[in-house]
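[1] What shape does this take:
(one chain, ligands or ions: 2)
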Amino acid sequence: MIYTITLNPALDRTLWVSEIKEDVSNRIIREESYPGGKGIDVSKVLTALGVPNRALGFIAGFAGRQLEAQLTRDGTDCSFIPVSGETRTNVVIHELGSGRQIILNSAGPEVKPFELLEISDLVRKIEEPEFVSIGGSLPPRAHPEVYRKIIETAKLRRAKVVLDVDREALLVGIRGKPDVIKPNIHELSALVGKRLEKRGEILEAAREINRRGVGIVLVSMGPRGILLVSEGKAYQAVPPEVEVVNTIGAGDSSVAGFIYGLVAGRDLKEALIWATAAGTATTLRQGTALATREDVERIVPQVRLETISED
Ligand SMILES: Nc1ncnc2c1ncn2[C@@H]1O[C@H](COP(=O)(O)OP(=O)(O)O)[C@@H](O)[C@H]1O
Ligand SMILES: O=P(O)(O)OC[C@H]1O[C@](O)(COP(=O)(O)O)[C@@H](O)[C@@H]1O
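    Ligands and ions are numbered 1, 2, ... in the order given. Down below sits the predicted model:
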């Protein structure tokens, strides 16, 4: 079974306006809300790809109930721990005239230390965890060590662990030696403390992270695709050119595509191709809607794979 963990889920609310003007009423043309947060997005794309999985995390208040109900209605199994307060709503504003997109991420409700421990307890008890995929920001005031603890617990259960978090949480989280991380270039740059641009620099940084005990580093690079670095192996998968509608959730979709590939018994190169195709498939969807299986399958044969090293 595959489990995803989102400690700070969100309702992603997308608003479409023709133009944002100051000091007047800006009329909303269309609005949609979807369950979001990085682990939940991974769950949604896995469900779209037909992979049974369960989303774990914390929910609070009315927004939390709405998130849970929508997720369940759309066929994703979930088991959230209720906490007090209100699950955050992240707002995306699409300005149709300019194509500009404004993304506002809220902090979310506080989760008490004893509640955070409940997640590790849950991971200790889950049935046959094959993969545990952890993603997204921490609740306010939660210590990043929480991620390390969850990773270590999942690894004791012999699960493969994927970590997709940022900044301090990534720095501390990798001390738990997750099997896979998926930083984008900015996140990897922050992790190694230098600005990375050229492929050689990115490869060197990813290898340094391998040496810190992370088996597979997937560096997502937007339209340049994904670099996979694992010991002596390095590959780059490049997606086809597409008309991008929105990139929110593309990184999470890539995580789901990669897990899908491995669960389906494919090798690292094939899983990388699925990761790249799933990210690109999400860029075709409006708002924060995510990849469809049909789009992913159509894009897979169009992804170009380059072997950089294979020793
Ligand atoms: N402009 C784009 N054109 C084609 N594919 C894209 C584009 N932006 C993102 N993707 C796909 O989605 C994947 C993840 O997107 P990226 O923006 O790198 O992640 P994140 O959301 O974590 O920053 C990319 O590796 C690529 O496969
Ligand atoms: O937990 P964070 O870092 O605030 O991110 C949460 C947001 O990221 C998303 O999961 C999208 O993530 P990506 O664009 O990185 O794939 C949204 O669904 C959500 O609103």
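[2] touching ligand 1 at all, stretch 3-21?
    No. In this structure, stretch 3-21 remains apart from ligand 1 according to C-beta under 6 Å from any ligand atom; the gap is never smaller than 13.2 Å. C-beta coordinates here come from the backbone N, C-alpha and C atoms, glycine included.
[3] Report the buried residues of that stretch.
    Residues of stretch 3-21 classed as buried by neighbour count (16 or more other C-beta atoms under 10 Å): 3-17.
[4] How about stretch 208-215?
    The neighbour-count check on stretch 208-215 (16+ other C-beta under 10 Å) flags 209-210, 214-215 as buried.
[5] Could you single out the nearest of those to Pro52?
    Of all the buried residues of stretch 208-215, the one sitting nearest Pro52 is Gly215; the distance, using C-beta to C-beta, is 24.3 Å.
[6] on that earlier part again, from the buried residues of stretch 3-21, which are also near ligand 2?
    For ligand 2, the contacts drawn from these by C-beta under 6 Å from any ligand atom are 8, 10, 12.
[7] one step back: inside helices: which ones of the buried residues of stretch 208-215?
    Secondary structure assignment (DSSP state H) places 209-210 from the buried residues of stretch 208-215 within helices.
[8] Skip the chain neighbours and tell me the closest residue to the residue nearest to the spatial centre of the chain.
    The C-alpha lying nearest the average C-alpha coordinate of the chain belongs to Asp252 (C-alpha atoms, centre = their mean; 2.8 Å). Distances taken as C-beta to C-beta, 6 or more residues apart in numbering place Asp41 nearest to Asp252, at 3.4 Å, with adjacent residues excluded.
[9] What is the most widely separated pair among the buried residues of stretch 3-21?
    The farthest-apart pair in the buried residues of stretch 3-21, when distances are taken by C-beta to C-beta, is Tyr3 and Val17, at 37.7 Å.
[10] per-residue pLDDT, the residue in the chain that ligand 2 sits nearest to?
    Ranking the residues of the chain by distance to ligand 2 (C-beta to the nearest ligand atom) places Gly36 first, at 2.8 Å. pLDDT recorded at Gly36 is 97.
[11] Contact partners for it?
    9-12, 90, 249, 288 (C-beta atoms under 8 Å, 6 or more residues apart in numbering).
[12] backbone phi and psi for it, please?
    For Gly36, the backbone dihedrals are phi -140, psi -170 (criterion: degrees, to the nearest 10).
[13] I'd like the distance between it and ligand 1.
    Distance check for Gly36 against ligand 1: by C-beta to the nearest ligand atom, to the nearest Å, it reads 12 Å.
[14] To which secondary structure element type does the residue nearest to that residue when sequence neighbours are not counted belong?
    Of all residues beyond its chain neighbours, the one nearest Gly36 is Asp12 (3.5 Å), with distances taken as C-beta to C-beta, 6+ apart. Three-state assignment for Asp12 (DSSP: H, G, I helix; E, B strand; the rest coil): strand.
[15] residues in contact with Gly222?
    Listed by C-beta under 8 Å, 6+ apart, the contact set of Gly222 reads 184, 247, 250.
[16] so who does the last one touch?
    In this structure, Ala250 makes contact with 220, 222, 279-280, 282-283, judged by C-beta under 8 Å, 6+ apart.
[17] and if you look at Ile2?
    Contacts were defined as C-beta under 8 Å, 6+ apart; by that measure Ile2 touches 46, 51-54, 129-133, 259, 263.
[18] Cross those against helices and list the overlap.
    46, 259, 263.
[19] Next, find the distance separating the second one from ligand 1.
    When distances are taken as C-beta to the nearest ligand atom, Ile259 and ligand 1 turn out to be 14 Å apart.
[20] which residues does the residue lying closest to that residue once chain neighbours are set aside form a beta bridge with?
    Leaving aside its chain neighbours, Ile259 sits nearest to Phe131 (5.4 Å; criterion: C-beta to C-beta, 6+ apart). Phe131 has these beta-bridge partners by DSSP bridges: Ile2, Lys160.
[21] tell me the contacts of Phe131?
    Neighbouring residues of Phe131 by C-beta under 8 Å, 6+ apart: 2-3, 159-162, 259, 262-263.
[22] Return the member of those residues nearest to ligand 1.
    For these, the residue nearest ligand 1 by C-beta to the nearest ligand atom is Val162; the value is 12.8 Å.
[23] helix or strand for the closest one, which one?
    strand 160-164 (DSSP states H and E).
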